[in-house]
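Participant: fold the following for me, if possible:
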Amino acid sequence: MSRISIEDMIQVLDMEVIYEGNSLSIDIETSDINRPGLQFAGFFDYFAIERIQVIGKVEMTYLDSMDPDNRKVQLDRFFRSGIPCVLISRNMDIPEYLIEVAKKYKCPIIRSRKSTTSVIHRMINYLDSALAPRITRHGVLVDVYGEGVLLMGESGIGKSETALELIKRGHRLVADDAVEIKKVAENRLIGDSPEVIRHFMEIRGIGIIDIKAMYGVGAVINTKAIDMVVYLEFWDSNKEYDRLGLTEEYTEILGAKLPKVILPVRPGRNLAIIIEVAVRNWRLKHMGYNAAKELDNRLAAMMAASMEE
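Facilitator: Residues are numbered from 1 along each chain as shown. Below you'll find the predicted structure:
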C-alpha cells in the first residue's frame, strides 16, 4: 500500500480539499475508481473499499432523494468501511449531511470542477503514475532520435562525456548520474531525474554544468520512455565481442525486458556515433530489417550457388 499526498494530488489534478480528514495523505493500493451508487442503495456485497469513491451528479441526486433516516444509515455504513477518500465532481454543492458523516470517520472529501467522466480519467492516469513501481539506477538517460537510451557502466567509464557529445550532436539529456525509473505498464518504463539535479551534469575535471543554461531548452527533456540499454565496459582483449549482431541480448529492470547493447570502451572510439548507429540499427530491426541476417542470407545463397556449380 502506498501513501498519496493529498496536496500533490489536488495540485496536479486542479482540485480543492473540502475536508482533509486526519492526515495530509491517503493510503491507497489501486488506481481503480468506484462510483458508490449501489452502496447508497444498500448493496455492499463486493464493495471495493480500497478504491477512491467518486460521487457524480447521479449519485448526488439519489442521495438527495433518499429518506433521511435511511440515508444516514447507508452513509454511516459507507464511510465506516474505511474508504480512502471521496471525490465530488462537477463542482457540486456538498450537503451538510455528507460532510458530517465524513468528519465522523475522518474521511477526506475532495472536489473537482471537471465532469465525472473527465475527473475519473484524470484520476486513473495520475494514480497509475503515482503508484507505479520505482527504482533508481546509476546511469545516464538520453533521448537519441526519439528513443530513450539508458547508458550504464562502471563509475568513471565516460557515460556523462558520451552523453555530452550526444547533446552537442542535437540529442537531449533526461538524467545524469541518477535515473529514477518507474514501471507504468507491463513492458514500459519511464525514466526521469531527481528534481534537485535535473538538467545538471558532472564532468570530471570541470565540475557541475547546467545543460539547459549552456545548450538551451532544446537540449533537455524531463521524462522519457526507456527503449534500450547501452552498457559501457572497459575493453577486454581476452573477451570475444559480438562482431556480427546475430545474437540479441536483453536485460530486465522492474520485470520489463529491454534490449541491451554492450560497447567496449578504449581510446579512439567515438561512442556517441556508435550509439547513434546502435539506435538506428535497433529501429531498423523493429521495422523488420536485420543487416546481420541479410548478410548471412546472402552468404548462404552464395555458398549454395557455388555448390550447385
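Participant: make it CA atoms for all contacts and neighbour counts henceforth
Facilitator: OK.
Participant: what stretches of this protein score poorly on pLDDT?
Facilitator: Confidence mapping of the chain against pLDDT under 70 gives the ranges 1, 309.
Participant: now the residue nearest the centre of it: which helix or strand?
Facilitator: In the chain, the C-alpha closest to the average C-alpha coordinate belongs to residue 190, at a distance of 3.9 Å (CA atoms, centre = their mean). Assessed by DSSP states H and E, residue 190 sits inside strand 188-192.
Participant: dump that strand to PDB, restricted to CA.
Facilitator: The C-alpha trace of strand 188-192 is given here as PDB (Å, rounded to 0.1, in the frame of the first residue of the first chain):
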ATOM      1  CA  ARG A 188       7.100   0.100 -20.400                       C
ATOM      2  CA  LEU A 189       9.500   2.000 -18.200                       C
ATOM      3  CA  ILE A 190       9.600   5.800 -17.800                       C
ATOM      4  CA  GLY A 191      12.800   7.500 -16.600                       C
ATOM      5  CA  ASP A 192      13.400  11.000 -15.200                       C
END
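Participant: quick one: residues in contact with that strand.
Facilitator: By CA atoms under 8 Å, 6 or more residues apart in numbering, the list of residues contacting strand 188-192 from outside reads 141, 174-175, 179-184, 222-226, 256.
Participant: run through the bridge partners of the residue nearest to the centre of the chain.
Facilitator: residue 182, residue 225 (DSSP bridges).
Participant: what distance do you get for it to residue 119?
Facilitator: According to CA to CA, to the nearest Å, residue 190 stands 24 Å off from residue 119.
Participant: all helices of the stretch 201-309 of the chain, in order?
Facilitator: Counting by DSSP state H, counting those that start in this stretch, one finds helices in the stretch 201-309 of the chain at the ranges 211-215, 271-286, 291-308.
Participant: neighbours around residue 23, how many?
Facilitator: For residue 23, the count of nearby residues is 12 (other CA atoms under 10 Å).
Participant: tell me the secondary structure for residue 83?
Facilitator: Following DSSP: H, G, I helix; E, B strand; the rest coil, we place residue 83 in the coil state.
Participant: now it: closest residue in space that isn't a chain neighbour?
Facilitator: In space, residue 83 comes closest to residue 49 once its chain neighbours are excluded; the distance is 4.9 Å by CA to CA, 6 or more residues apart in numbering.
Participant: quick one: contacts for that neighbour?
Facilitator: Contact analysis of residue 49 by CA under 8 Å, 6+ apart lists 81-84.
Participant: any idea how many residues pack against residue 303?
Facilitator: 11.
Participant: equivalent analysis for residue 72, please.
Facilitator: Residue 72: 17 neighbours (other CA under 10 Å).
Participant: what about it, helix or strand, and which?
Facilitator: Element membership for residue 72, per DSSP H and E: helix 68-80.
Participant: could you list every helix and strand that that helix packs against?
Facilitator: Applying 3 or more CA pairs under 8 Å, 6 or more residues apart in numbering; DSSP states H and E, one finds that helix 68-80 contacts helix 37-40, helix 96-104.
Participant: please consider this matter closed, and thank you.
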